[in-house]
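In: Structure of the sequence below:
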Amino acid sequence: MMTFIDYQKFVTQLNDWNHAYHVLNTPLVSDSEYDTEFRQLQSIEHENPDWLIPESPTQRVGDIVNSAFKKITHDVKMLSLSNVFSIDETIDFFVKAAKELAIPLAELDIFSESKLDGLAISLRYENGFLRYAATRGDGQIGEDVTHNIKTIQSIPLKLNAENPPKILDVRGEVFMIKAIFEQLNHLAQVQNSRLFVNPRNAAAGTIRQLNPKITAERALQFIPYGMGAYSGEIAFSRHSEILAYLVKLGFKSNQNNHNFSANKMAFEQDYQRMEILRESLPMEIDGIVYKIDSLNLQGKLGFISRSPKWAVARKFPAQIMITTLLDVDFQVGRTGVLTPVARLEPVFVGGVTVSNATLHNMDEIERLNLCIGDKVEIHRAGDVIPKIVKVVSEGKARQTIVMPDQCPVCNSRVKRIENQAAFRCSGGLACGAQIAERIKYYASRNCMNIRQLGSKVIEILCEKNVLTSVAGIYRLQRNDITNLEGQGEKNATKILAAIEASKKTEFSTFLAALGIPEVGESGAKNLARYFKVLEKLRAAEIEALVQVPDVGEITAGNVRAFFDDATNNQLVDDLLATGVTWDAHKIVEDLQPLTGETWVLTGTLNSPRNEIKVKLEQLGAKVSGSVSAKTTVVLVGEAAGSKLTQAEKFGVKILNEAQFLELMKSYEN
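Out: Got it, this is the predicted structure:
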């Protein structure tokens with residue numbers, strides 16, 4: 001008679017077989033034998049449901065997700081990499097790093113790893129068990145995709161360790177191998193359904209399936225490239241040690257990783273090796289990631305903006321194809337600027353069918369000596385953005401590309417912006433294209449965050465003349481939405497509730513949402529802190545505006561021009577009349593208590609990082625991703641690493657979370 005201990009051994013055996021097959025590529029049993037044992041396990045668990053343990057292979061395919069994906073805040077931000085496209089740019093990147101570290105370039109030990117072309121994922125393990133999985137998202141907040149991640153056989157549900165870390169975030173790439181991608185698209189062709197454009201697109205779409213059984217059928221794979229939050233006994237000194245540790249825990253290794261000392265020849269030889277190897281690999285790669293292997297040196301260099309100063313991706317050159325320029329359209333943006341867009345004979349470039357390409361402006365067209373009918377060379381710069389690089393041969397009946405005198409949307413006069421290459425529609429808010437784009441911008445996540453009011457809904461409402469201004473958002477009626485195809489009562493309720501909720505905002509958010517050129521989220525905060533009252537800002541002359549931190553003459557001129565325009569002022573008044581408001585008491589007459597301070601967060605914190613960041617910024621502080629001598633305070637949580645070491649080195653003030661919360665209470669009194 002089988003006991004619970006026997007059942008646990010049975011689970012371990014099947015997991016060992018899975019690991020050997022999917023991670024080590026060395027099957028221990030035949031497929032039929034595995035299937036027989038798997039069915040027996042299912043039978044045992046059916047008869048003894050109280051025995052079921054999380055690491056059982058039967059738990060890899062769960063139930064269909066009932067609703068949209070939940071949001072998950074990353075304890076340690078998921079950063080992006082800077083890109084370089086040549087050997088000189090690669091060398092320059094690491095020469096700069098060596099100079100900052102005050103060491104010779106040759107002393108940098110470089111870790112090279114092929115850049116998998118997939119979807120970045122963070123896996124959270126707690127006490128050895130997979131707790132959840134999340135996409136990168138915006139780097140701070142991702143989507144919960146645990147149900148689908150569990151279907152990936154190369155991701156262990158339980159870590160292979162006797163004393164697993166209390167907390168471990170494994171960062172890596174989910175990808176689809178080329179053979180599976182080809183099978184998937186062949187099936188789509190047979191079924192006359194939509195094709196995926198490339199394996200990366202297929203992997204991303206698969207991870208977002210609401211039915212994990214479909215995800216399981218597509219046999220995605222996962223390879224780690226690093227760690228996020230970590231609370232364990234093992235200390236690491238090198239990035240390569242982290243990856244070796246992850247392999248011991250049961251993860252698949254990237255077979256093309258290796259170390260070398262930094263010098264131009266070594267970088268070039270490594271690049272040439274991978275460029276040759278690229279086509280023979282079972283998965284798509286779009287470049288090579290070079291990292292300084294020493295974690296100590298990584299900590300000293302820190303980060304700039306959203307990318308590390310110790311790692312860079314050298315992308316493979318854009319793939320090149322030749323096609324014909326069929327026509328040029330002119331699109332009108334939110335600020336009225338007309339952008340020429342090339343309409344091309346469709347051509348497959350770098351795994352994507354390209355039929356459009358940006359031409360930036362008329363100066364670019366003149367530089368290329370480009371005419372309609374020409375044969376042109378198309379690059380996908382960085383394997384992403386289609387671009388016309390040059391004219392290969394002139395067409396027999398070349399047609400000159402001319403900027404229209406009148407806006408293609410509203411027929412208003414088109415004028416060239418002084419001292420710029422850009423042309424702008426003079427219609428302003430009378431232009432339907434500008435109205436739609438302004439409304440989209442106003443409702444976007446980084447502005448008023450009316451997320452339920454999507455771009456397509458806005459476009460349709462504008463086309464039907466239901467929405468004719470930004471303020472019109474707040475005058476929408478239920479039947480305006482339910483009358484649209486595909487928009488029922490439930491959606492209408494959600495949209496109207498989101499619109500109503502957006503009325504209560506903050507001064508800086510409102511300013512950012514107005515779409516004043518060059519005034520983004522940061523600039524709006526600076527203007528709000530400086531002027532505190534809308535009417536003072538509306539009346540401010542350029543001399544006063546340039547006194548605002550980080551506001552130069554161009555931005556100041558844009559602000560003054562915006563409020564000098566009667567239509568814009570009427571829009572602001574209309575928005576306030578609909579009930580848009582903010583708490584004026586939040587903007588105090590004196591400087592905020594943390595104005596001028598720079599804070600850094602590190603380690604695992606109990607409070608969500610984004611909430612802490614927002615609170616600090618509301619109090620006037622700047623939140624940075626790296627520690628320097630100019631840092632004011634470092635807030636440390638559990639498992640704080642190199643940033644804590646850096647803080648101690650520079651003599652920066654260090655607070656734990658309890659001390660931070662006490663400080664926050666003092667500002668509330």
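
In: Just the buried positions in the helix or strand bottoming out on mean pLDDT in the chain, please.
Out: None of the helices or strands of the chain scores lower by mean pLDDT, DSSP states H and E than helix 31-47, at a mean of 76. Using 16 or more other C-beta atoms under 10 Å as the test for burial, helix 31-47 gives Y34, E37, L41, I44, E45. Every C-beta, even on glycine, is put in place using the N, C-alpha and C of the backbone.

In: Spatially nearest residue to the last one (excluding sequence neighbours)?
Out: Taking C-beta to C-beta, 6 or more residues apart in numbering as the measure, E45 lies nearest to L52, with 5.3 Å between them; neighbours along the chain are not counted.

In: contacting residues around the one you found?
Out: Neighbouring residues of L52 by C-beta atoms under 8 Å, 6 or more residues apart in numbering: E45, T58, Q59.

In: same thing with Q547?
Out: Contacts for Q547 (C-beta under 8 Å, 6+ apart) come out as Y530.

In: mind checking how far it is from E541?
Out: Counting by C-beta to C-beta, to the nearest Å, the gap from Q547 to E541 is 10 Å.

In: now swap in L281 and tell me
Out: L281 sits 61 Å away from E541, taking C-beta to C-beta as the criterion.

In: out of those two, which sits in the busier spot?
Out: Taking neighbours as other C-beta atoms under 10 Å, L281 and E541 compare with L281 leading, 15 against 9.

In: Next one: the more buried one, what pLDDT does it get?
Out: We have a pLDDT of 89 for L281.

In: Beta-bridge partners for the closest residue to it other than its chain neighbours, please?
Out: Using C-beta to C-beta, 6+ apart and skipping the chain neighbours, the partner closest in space to L281 is S114 (7.5 Å). On the basis of DSSP bridges, S114 is bridged to I288.

In: Now do the residue nearest to Q487 when sequence neighbours are not counted against V457, distance only.
Out: Computed as C-beta to C-beta, 6+ apart, the closest residue to Q487 that is not its neighbour in sequence is I481, at 5.1 Å. Counting by C-beta to C-beta, the separation of I481 from V457 is 7 Å.

In: who touches both of those two?
Out: Counting by C-beta under 8 Å, 6+ apart, the common neighbours of I481 and V457 are Q487, I495.

In: Which one's more surrounded, the two?
Out: Neighbours were counted for I481 and for V457 using other C-beta under 10 Å; I481 has more, 23 against 20.

In: For L79, see how far away the more buried one is.
Out: The gap separating I481 from L79 is 39 Å, by C-beta to C-beta.

In: if we can go back for a sec, can you list the contacts of L52 in JSON lines and add distance to A492?
Out: Conversion of the contacts of L52 to JSON lines gives the following (distance: C-beta to C-beta, whole Å):
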{"residue": "E45", "distance to A492": "45"}
{"residue": "T58", "distance to A492": "42"}
{"residue": "Q59", "distance to A492": "39"}
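
In: so which of those would you say is closest to I87?
Out: Relative to I87, the closest of the contacts of L52 is Q59; by C-beta to C-beta it sits at 47.6 Å.

In: Check the burial of the closest one by counting its neighbours.
Out: Neighbours around Q59, by other C-beta under 10 Å: 15.

In: The stretch 151-300 of the chain: strands as residue ranges?
Out: Assigned by DSSP state E, counting those that start in this stretch, the strands in the stretch 151-300 of the chain fall at 167-175, 221-231, 258-261, 285-292.

In: Report the buried residues of the second one.
Out: Applying a neighbour-count criterion of 16+ other C-beta under 10 Å, one finds Q221, F222, I223, P224, Y225, G226, M227, G228, A229, Y230 buried in strand 221-231.

In: Quick check, I439 in contact with C462.
Out: Yes - checked against C-beta atoms under 8 Å, the pair I439 and C462 is within contact range at 7.0 Å.

In: More neighbours: which of those two?
Out: With neighbours defined as other C-beta under 10 Å, I439 and C462 compare such that I439 has more, 26 against 20.

In: Spatially central residue in the chain, please.
Out: D138 (4.1 Å; C-alpha atoms, centre = their mean).

In: Could you pull up phi and psi at that residue?
Out: With angles defined as degrees, to the nearest 10, D138 sits at phi -90, psi 10.

In: just to revisit the earlier point, can you check which of the strands of the stretch 151-300 of the chain gets nearest to L644?
Out: Of all the strands of the stretch 151-300 of the chain, strand 221-231 sits nearest to L644, with 13.2 Å by C-beta to C-beta.

In: if I pick N15, what's in contact with it?
Out: E55, P57, P156, L157, K158.

In: Surely it is within a strand?
Out: No - per DSSP: H, G, I helix; E, B strand; the rest coil, N15 lies outside any strand segment and is helix.
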